[in-house]
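Enquirer: predicted structure and sequence below. I'll ask about it afterward.
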Amino acid sequence: MEKIEEQFANLCIVNRSSPPKEPTYLLGIDTSKTVQAEKGSLVAVLCSSGSIRIYDKETLSILREFSGHPGLLNGVKFANSCDSVYSASTDGTVKCWDARLASAKPVQLFKGYTSNIFISFDVNCNDHVICAGTEKVDEDALLVFWDARINSQALSTTRDPLGAYSETHSDDITQVCFHPSNPNMVVSGSTDGLVNVFDISIDNEEDALVTTCNSVSSVSSIGWSGKDYKQIYCMTHDEGFCWWDLNQLDTDEPITCLNIQDVREIANVKEGNLDYLIGGLYHEKMDKLFVIGGTNTGRIHLLHCTTSGLTHVSSLQGGHTATVRSFCWSTQDESLLTGGEDAQLLLWKPGAVEKTSTKKDSLKIASSVHQRVRVHSNDAYKRRKNQRCDVGS
């Protein structure tokens, strides 16, 4: 079996999306998990304009676009069992669309509490629970939960929360990520530097908190890795990287596998430099964790993660002309989708030949997208006795 390092090195561009009418940064990518070959696989892309575009994966043609109006959308995620696509919204809702329908209205609306502004979310592996993280308002930064099952609440198109966690983060909750196979395990990350692991089958927030890890910086990305997914990793807004092993929680061994405050200072890439981190990639079959980063000119780097550090493996170039913001790796066909500040969505496959005849000019937007990210807070861990709930039932 070809190693992922070789697969990545052999990737070539097979297709590019057509230039949009209004250039926009591509901030997030997810692909449909259902098998409907006769209808084609779908790709959902979060745009900096606050909308979601649905593409045909092979042709990269735009099929439809969903607007978060009156709010802007944050994050994009397909359901695991159907072609519903979700996104958190700054209007205090999580919206769900049917990606195969052209309807402008969401098919489901998950309402939060008064003054909630959702900036992160995820759906658990059996599509039963949604969890969204809020901006800090007054003294509250909440994790809000909903029952996402289709047969609940008499098929109502609007759902109220099951409840919320309010005591374990003291600033904006920038990341929420459910365990890939355990529907009750979820990890959250915040600009307060904390990465919290919860078992939501436990009755209350205090007891549900399995462990707290400290990245000592504002969290930008989190994920699960390792055998049986008992490890978590984290990237920060100042390009730090942390990796923890939850197997060590009940032992005397430290749970920290790796802690790098600034990857840019230690990464020895073979071609050019490393300007930023994009995200993590755990390859289950090979039991290897990789970190993907890039340069401001569009080059993409793959780094292998071990307890000894990060080692540069391979690079991709000739595709993007500006910062790459998002990617999605497919283990089924070993393909890679990438999106960036040049408004391009690229499909890479091993040994492929590009179908488009000419390379697109850069469509990088002149002004930067202002992400809603607060400066890291050094406030001590805060315990507030506000809302508690049972979200595991």
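Expert: Everything's here; your move.
Enquirer: who's residue 176 bridged to?
Expert: With beta bridges defined as DSSP bridges, residue 176 has these partners: residue 188.
Enquirer: contact partners for it?
Expert: Residue 176 sits next to 120-122, 131-133, 143, 186-189 when contact means Cβ atoms under 8 Å, 6 or more residues apart in numbering. (Each C-beta comes from the backbone N, C-alpha and C, glycine too.)
Enquirer: and the pLDDT at it?
Expert: Model confidence at residue 176, given as pLDDT, is 98.
Enquirer: nearest residue to residue 73 in space, please, no chain neighbours.
Expert: If the residues on either side of it in the chain are set aside, residue 73 comes closest to residue 87, at 4.1 Å by Cβ to Cβ, 6 or more residues apart in numbering.
Enquirer: so that neighbour makes contact with residue 95?
Expert: Yes: counting by Cβ atoms under 8 Å, a contact exists between residue 87 and residue 95, whose distance comes to 5.7 Å.
Enquirer: ok, those two, which is more surrounded?
Expert: Using other Cβ atoms under 10 Å as the criterion, residue 87 and residue 95 rank with residue 87 on top: 29 against 23.
Enquirer: is the more buried one in a helix, a strand, or coil?
Expert: The three-state label for residue 87, taken from DSSP: H, G, I helix; E, B strand; the rest coil, comes out as strand.
Enquirer: anything in contact with each of residue 87 and residue 95?
Expert: Looking at what touches both residue 87 and residue 95 (by Cβ under 8 Å, 6+ apart), the common residues are 66, 68, 73.
Enquirer: let me have those in JSON lines, adding pLDDT as columns.
Expert: JSON lines is the format used below for the shared contacts of residue 87 and residue 95 (pLDDT from 0 to 100):
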{"residue": "66", "pLDDT": "94"}
{"residue": "68", "pLDDT": "85"}
{"residue": "73", "pLDDT": "94"}
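Enquirer: including secondary structure, neighbour count and distance to residue 301, could these go into JSON lines?
Expert: Shown next, in JSON lines, are those (DSSP: H, G, I helix; E, B strand; the rest coil; neighbours: other Cβ atoms under 10 Å; distance: Cβ to Cβ, whole Å):
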{"residue": "66", "secondary structure": "strand", "neighbour count": "24", "distance to residue 301": "32"}
{"residue": "68", "secondary structure": "coil", "neighbour count": "21", "distance to residue 301": "32"}
{"residue": "73", "secondary structure": "strand", "neighbour count": "26", "distance to residue 301": "28"}
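Enquirer: what is the nearest of these to residue 47?
Expert: Sorting those by how near they are to residue 47, with Cβ to Cβ, puts residue 73 at the top with 8.4 Å.
Enquirer: still on that earlier bit, most surrounded residue in the contacts of residue 176?
Expert: Using other Cβ under 10 Å as the neighbour definition, the contacts of residue 176 reach their maximum at residue 132, which records 31 neighbours.
Enquirer: point out the other helices and strands that the longest helix belonging to the chain packs with.
Expert: Looking across the chain with DSSP state H, the single longest helix is helix 4-9. Packing partners of helix 4-9 (3 or more Cβ pairs under 8 Å, 6 or more residues apart in numbering; DSSP states H and E): strand 300-306, strand 309-316.
Enquirer: out of those strands, nearest to residue 294?
Expert: Of all those, strand 300-306 sits nearest to residue 294, with 4.9 Å by Cβ to Cβ.
Enquirer: okay, buried residues for the longest helix of the chain please.
Expert: Counting neighbours by 16 or more other Cβ atoms under 10 Å, one finds that the buried residues in helix 4-9 are 4-5, 7-8.
Enquirer: show me which pair in these is furthest apart.
Expert: Within the buried residues of helix 4-9, two members stand farthest from each other by Cβ to Cβ: 5 and 7, at 7.3 Å.
Enquirer: would you map the helices across this protein?
Expert: With DSSP H applied, the chain shows helices at 4-9, 205-208, 263-266, listed in chain order.
Enquirer: what mean pLDDT does the last one have?
Expert: Taken as a whole, helix 263-266 has an average pLDDT of 92.
Enquirer: what does that helix rub up against?
Expert: For helix 263-266, the external contacting residues (Cβ under 8 Å, 6+ apart) are 239-241, 260, 273-277, 291, 293, 303, 309-310.
Enquirer: and these, which are buried?
Expert: Burial by neighbour count, 16+ other Cβ under 10 Å: within the contacts of helix 263-266 this picks out 239-241, 260, 274-277, 291, 293, 303, 310.
Enquirer: so of those residues, which ones are in strands?
Expert: Under the assignment DSSP state E, those contribute 241, 260, 276-277, 291, 293, 303, 310 to strands.
Enquirer: pLDDT weak spots in the protein?
Expert: Within the chain, the set of residues satisfying pLDDT under 70 comprises 1-2, 35-40, 151-156, 355-393.
Enquirer: format the contacts of helix 263-266 as JSON lines; extra columns: distance to residue 114.
Expert: Below are the contacts of helix 263-266 laid out as JSON lines (distance: Cβ to Cβ, whole Å):
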{"residue": "239", "distance to residue 114": "36"}
{"residue": "240", "distance to residue 114": "35"}
{"residue": "241", "distance to residue 114": "37"}
{"residue": "260", "distance to residue 114": "40"}
{"residue": "273", "distance to residue 114": "46"}
{"residue": "274", "distance to residue 114": "43"}
{"residue": "275", "distance to residue 114": "40"}
{"residue": "276", "distance to residue 114": "36"}
{"residue": "277", "distance to residue 114": "35"}
{"residue": "291", "distance to residue 114": "39"}
{"residue": "293", "distance to residue 114": "40"}
{"residue": "303", "distance to residue 114": "43"}
{"residue": "309", "distance to residue 114": "46"}
{"residue": "310", "distance to residue 114": "43"}
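Enquirer: quick one: the strands in the stretch 51-200 of the chain, in order.
Expert: Residue ranges of the strands in the stretch 51-200 of the chain, as given by DSSP state E, counting those that start in this stretch, are 51-56, 62-67, 73-78, 84-89, 93-98, 108-111, 118-123, 129-134, 143-147, 158-159, 163-165, 173-178, 185-190, 194-199.
Enquirer: good, wrapping up.
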